[in-house]
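Chemist: what shape does this take:
(one chain, ligands or ions: 1)
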Amino acid sequence: MPPPLMVRFHGGEAGPWRVNSLRALAGDPLPAVARIAVQEGAASPRAGAIAWTLSGSTGNLRYTERAEADSLAARQQGLSRPQARRAALIPIRKSEPWWALAQDERRAILEAESRHIAIGMDYLPAIARRLHHSRELGEPFDFLTWFEYAPEHEAAFDEMLARLRAQREWDFVEREVEIRLVREAG
Ligand code: HEM
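Modeler: Prediction:
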């Protein structure tokens, strides 16, 4: 695993990602913004008015077993592929009953019951992803999930979202905002 990387998502008027849609599926929405800038590590923040910033850090795997990690590593592609001109930022907060569970109980819901990793794997390598943890930072969300894909894979991405959200794991999602983005040339 690479060392943890702190990532900040700035919603405002600057950045290469234009907001196509922003909607809350559960809980409070976020204020509407025109663009999102992604700031990695110590890089300087972008100029321009910022309405909100969400922060998270990459981290070690919590639930993924060895065979799954090997399959993911064999299939997944990295961020910033030139053809991946669509993205989604989906901040998620899970409920207190989820956090009251023990690690083995959460793994059982995530994978044995909900098949999160197996479902996600069906959409590799088209969808590239990065998971950021925010809960320990006192942020409003527990996770900031980020996905990149080519325009022709948008329908597959929609299908994956519908499959994941139909699973029991999503009974524990109390706040979820979906922000769809388009990367503009230049
Ligand atoms: C591209 C397909 C996807 C793959 C291959 C995938 C894979 C994974 C894996 C392996 C983990 C476990 C990480 C660990 O061991 O700690 C995970 C966690 C997570 N994924 Fe996905 N995922 C995908 C799509 C999604 C989507 C579309 C969402 C949101 C709508 C999502 C939300 C999350 C969240 C919130 C977690 C953290 C769960 C927790 O720790 O409670 N994933 N994903």
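Chemist: which residue ranges form the helices in the protein?
Modeler: 66-75, 96-99, 103-107, 116-121, 154-165 (DSSP state H).
Chemist: tell me which of these lies nearest to the ligand.
Modeler: Between the ligand and those, the tightest spacing by CB to the nearest ligand atom is seen for helix 116-121, at 2.3 Å. All C-beta atoms are positioned from the backbone trio N, CA, C, and that covers glycine.
Chemist: keeping just the C-alphas, turn the closest one into PDB.
Modeler: Provided in PDB are the C-alpha atoms of helix 116-121 (Å, rounded to 0.1, in the frame of the first residue of the first chain):
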ATOM      1  CA  HIS A 116     -19.800  -5.000  -2.600                       C
ATOM      2  CA  ILE A 117     -16.400  -6.100  -3.800                       C
ATOM      3  CA  ALA A 118     -17.800  -8.700  -6.200                       C
ATOM      4  CA  ILE A 119     -20.300  -6.300  -7.700                       C
ATOM      5  CA  GLY A 120     -17.600  -3.600  -8.000                       C
ATOM      6  CA  MET A 121     -15.200  -6.000  -9.600                       C
END
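Chemist: which positions within that helix qualify as buried?
Modeler: When burial is assessed from 16 or more other CB atoms under 10 Å, helix 116-121 yields the following buried residues: 116-117, 119-120.
Chemist: which of these are close to the ligand?
Modeler: Contacts with the ligand within these, counted by CB under 6 Å from any ligand atom: 116-117, 120.
Chemist: which one of the residues you listed is nearest to residue 134?
Modeler: residue 116 (18.4 Å; CB to CB).
Chemist: list the contacts for that closest one?
Modeler: If a contact means CB atoms under 8 Å, 6 or more residues apart in numbering, then residue 116 has 110, 164, 167, 169 as its contacts.
Chemist: can you list the buried residues of helix 116-121 in CSV and add pLDDT?
Modeler: CSV is the format used below for the buried residues of helix 116-121 (pLDDT from 0 to 100):
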residue, pLDDT
116, 98
117, 98
119, 98
120, 98
